[in-house]
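Visitor: Sequence plus the predicted model coming up.
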Amino acid sequence: MMEALRGVSRYVNRRQRFFFPAPAVAVLFLIVVLPIAFNLYLTFTRWTVGLGQPKFVGFDNFVEAFGDDRVWNGLKVMVYFSGVSLALELALGLLIALYFSRAFKGSEVVQAIYIIPFAATPVAVALIWRVMLNPEIGVLNYLLTSIGLPPGLWVSSPVAVVPSLIMVDVWKWTPMITLIVLAGLKSLPQDPYEAARIDGANPLQIFWFITLPLIRPVLIAALMLRSLDNLKEFDTIYTITQGGPGIASETLYLYSYNVAFGFFKAGYGSALMVVVFMIVLLFNVVMNRLRRDSLVF
């Protein structure tokens, strides 16, 4: 009996590199790998949840997506929303990080207050903004009318809804970009700056020819991290507008959710999710390539 136990102990010791990570691998397989595999399977099927079994249809779901006007509308809204919000967040994040990188009285308190939007729960933020953007009882219209300006329709207007959502997204996520860029600015070497000052360079020249090239890899990394969530933004848009008015703010990611969980077309919804994933993957591959090139440069 003792010899058998020693044999088991030796067997476990020799293979402990497999036994210790086994529980984590099993959990990861159950909550990540299996759902992804099932989603890929549904992509090639036609299945309305609750009505029969999935029927294999090959690439018919993707063919249908190319002829779906709401897919193209969702793609247009996604590009508009993500392109403008990412550009604004990157520009504002860089400017504010440059300001915070200089020591001033009360900087710690200002920075602590500044990151509050980033630390708040997205749904809670969206609910607050939903009330603020209300055309009738919203505080934004109250402030506009109090200074003599006409009130806005905000998220009730097909024209103004996406810019309103961009404003909310920029308000919440610019602090994240600022923190990343600020960390990069703090790590920059000081020798190039001292040499530039000795040569008589002005602040604008120092920023353009020294700071910006040195911080470019950090800016691209920040853009990559933010784009992972921004391109598939759901919480804010769904909470504030649910894609309305009409489909004016319905992104491709939100449309895929509506198809799968609103219309119960699991196969078509899974195909649309794969399309969204490929767009996010392509964008980040390009950004990663630019980041590597900037590091080499």
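Guide: Right, received. Where do you want to start? Residues are numbered from 1 along each chain as shown.

Visitor: Could you pull out the buried residues of the strand or helix carrying Ala195?
Guide: Using DSSP states H and E, the element containing Ala195 is helix 191-198. Within helix 191-198, the residues scored as buried using 16 or more other C-beta atoms under 10 Å are Pro192, Ala196. For every residue, glycine as well, the C-beta is placed using N, CA and C.

Visitor: Can we start the residue count at 553 from this point?
Guide: All right, first residue 553 from here; so that's helix 743-750.

Visitor: What is the subsequent helix or strand relative to that helix?
Guide: helix 755-758.

Visitor: May I see the buried residues of that following helix?
Guide: Result for helix 755-758 [16+ other C-beta under 10 Å]: no buried residues.

Visitor: Now do that helix, average pLDDT.
Guide: For helix 755-758, mean pLDDT is 88.

Visitor: got the CA positions of that helix in PDB?
Guide: Extracted in PDB, the C-alpha atoms of helix 755-758 (Å, rounded to 0.1, in the frame of the first residue of the first chain):
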ATOM      1  CA  PRO A 755       7.900  74.600 -26.800                       C
ATOM      2  CA  LEU A 756       6.000  73.900 -30.000                       C
ATOM      3  CA  GLN A 757       9.100  72.600 -31.700                       C
ATOM      4  CA  ILE A 758      10.000  70.500 -28.700                       C
END
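
Visitor: So which elements touch it?
Guide: helix 743-750 (3 or more C-beta pairs under 8 Å, 6 or more residues apart in numbering; DSSP states H and E).

Visitor: shaky segments in the chain?
Guide: Counting by pLDDT under 70, the ranges of the chain that qualify are 553-565, 567-569, 571, 846-849.

Visitor: Can you list the strands that the lengthiest strand in it pairs with?
Guide: Ranked by number of residues, the top strand in the chain under DSSP state E is strand 603-608. Looking at strand 603-608 with DSSP bridges, its partner strands are strand 597-600 (antiparallel).

Visitor: give me the element the residue nearest the centre of the chain is part of.
Guide: The centre of the chain sits closest to Asp781, judged by C-alpha atoms, centre = their mean, with a distance of 1.7 Å. Per DSSP H and E, Asp781 falls inside helix 764-782.

Visitor: tell me which residues in that helix are buried?
Guide: 766-776, 778-779, 781-782.

Visitor: Against which helices or strands is whatever helix or strand Ser716 lives in packed?
Guide: Assigning secondary structure by DSSP H and E places Ser716 in helix 713-738. If you count contacts as 3+ C-beta pairs under 8 Å, 6+ apart, helix 713-738 packs onto helix 621-652, helix 668-671, helix 674-684, helix 764-782, helix 787-792.

Visitor: if we go to 7 Å?
Guide: helix 621-652, helix 668-671, helix 764-782, helix 787-792 (3 or more C-beta pairs under 7 Å, 6 or more residues apart in numbering; DSSP states H and E).

Visitor: And those helices: which comes nearest Ile588?
Guide: Closest to Ile588 of the helices and strands packed on helix 713-738 is helix 764-782 (C-beta to C-beta; 16.3 Å).

Visitor: Go ahead and name everything in contact with that closest one.
Guide: Applying C-beta atoms under 7 Å, 6 or more residues apart in numbering, the contact partners of helix 764-782 are 634, 637-638, 641-642, 645-646, 725, 728-729, 732-733, 736-737, 740, 832, 835-836, 839-840, 842-843, 846-847.
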